[in-house]
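Novice: Have a look; sequence and predicted model below, questions after that.
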Amino acid sequence: MASFNKDSLGFIVFISIAVCLVCSVFVSAANVMLKPTHAINKELDQKANILRAAGMLPPGSEVSPDGRGINDLFQDFKVQAVNLDTGEYLPDFDASGYDAVRMSKDPANSRALTEDEDTVTIRRRENIGLIYLKLNGDELEKLVIPVRGYGLWGTLFGYLALDADLNTVSGLGFYDHKETPGLGGEVDNPVWKNKWKGVHVFNAEGKPAVKLVKTPSPPDHPQKIHEVDALSGSTFTTRGVQNLVNFWTGELGYGRLIQNLKAQS
Ligand SMILES: Cc1cc2nc3c(=O)[nH]c(=O)nc-3n(C[C@H](O)[C@H](O)[C@H](O)COP(=O)(O)O)c2cc1C
């Protein structure tokens, strides 16, 4: 009877391949089995980010001060799909699983931005966006819009929440960015984020007017209400944040929708 030589090259290669195959089957199976959990967690995380921007969930917490969980709090929100070119709702659009960032890469579902238009370095903008309306009966309490734009090292992704007047910032938060901790990464600092509360995004002409400043204007200056302190030592991140807020509240972002909503109220 032929016997295996355990020290032969062929046997070692065979065992190595067999171990790799068994491991890859385990990893693939785990990946497939965990996919639904991953999708649920991703959705929950997005809901938490929207709630945090709207000031309904404290930073880092998954429960509101009055003990409500993420899914419960999110019930107060209505998700609406919006045609960004017209600012009109798309009531029949199925928003579940819609990924606006992915759509922005598809020429059939997005528009190319010219160099002048693309102040946020995203190259293409999706045709349809999702917004989140916090309603009290029929009354709008807050509007949350997704925002994104380039900082120093990469794109910052977040949400901007506006109060019922559709001008006053209720909150701004980023859930993904590549900025340096302690420098551009200070976009996550609750003290800095708090400075956004009460800022007006539009000027008297209804144009986006947010400005991040190293030297704040005097208290009675008309620009003051549009100003937020710049992040020190982080000129590029600061400029990126200023640009992304002004872009997504502007004509190419959710500006038309906001104008439509203001006209209706
Ligand atoms: C390691 C390293 C990380 C940096 N990270 C950031 C950053 O995240 N955001 C930013 O705007 N600038 C960052 N900078 C600084 C920029 O390169 C640049 O010097 C700075 O934006 C100038 O800001 P100031 O005019 O406020 O001093 C970093 C610099 C170094 C050396």
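Specialist: The structure has been received and is ready for your questions. Keep in mind the model is a prediction, meaning the values are calculated, not measured.

Novice: contacts and neighbour counts: CA atoms only from here.
Specialist: Fine.

Novice: Strands of this protein, residue ranges please.
Specialist: With strands called from DSSP state E, the chain shows them at 77-83, 88-89, 110-112, 124-126, 128-136, 139-150, 155-163, 169-176, 211-213, 227-229.

Novice: Within range of the ligand, give me the residues from this protein.
Specialist: Residues of the chain lying close to the ligand (CA under 6 Å from any ligand atom) are 152, 179-180, 183-185, 232-237.

Novice: Residue 68 and residue 76: what is the separation?
Specialist: Using CA to CA, to the nearest Å, residue 68 is found at 11 Å from residue 76.

Novice: swap that for residue 139, please
Specialist: 12 Å.

Novice: Check residue 120 too.
Specialist: From residue 120 across to residue 76, the span is 31 Å (CA to CA).

Novice: do the same with residue 192
Specialist: Using CA to CA, one gets 27 Å for the distance from residue 192 to residue 76.

Novice: and if you look at residue 7?
Specialist: 67 Å.

Novice: Tell me which of those two has more neighbours.
Specialist: Neighbour totals were compared for residue 7 and residue 76, and residue 76 leads with 13 against 8 (other CA atoms under 10 Å).

Novice: Remind me what the lowest-mean-pLDDT helix or strand in the chain packs against, helices and strands.
Specialist: Least confident helix or strand of the chain, by mean pLDDT, DSSP states H and E, is helix 9-53 with a mean of 87. Under the contact definition 3 or more CA pairs under 8 Å, 6 or more residues apart in numbering; DSSP states H and E, helix 9-53 sits against helix 70-74, strand 155-163, strand 169-176.

Novice: in the protein, which residue is closest to the centre?
Specialist: residue 158 (2.7 Å; CA atoms, centre = their mean).

Novice: ok, residue 176 to the ligand distance?
Specialist: Going from residue 176 to the ligand by CA to the nearest ligand atom, to the nearest Å gives 13 Å.
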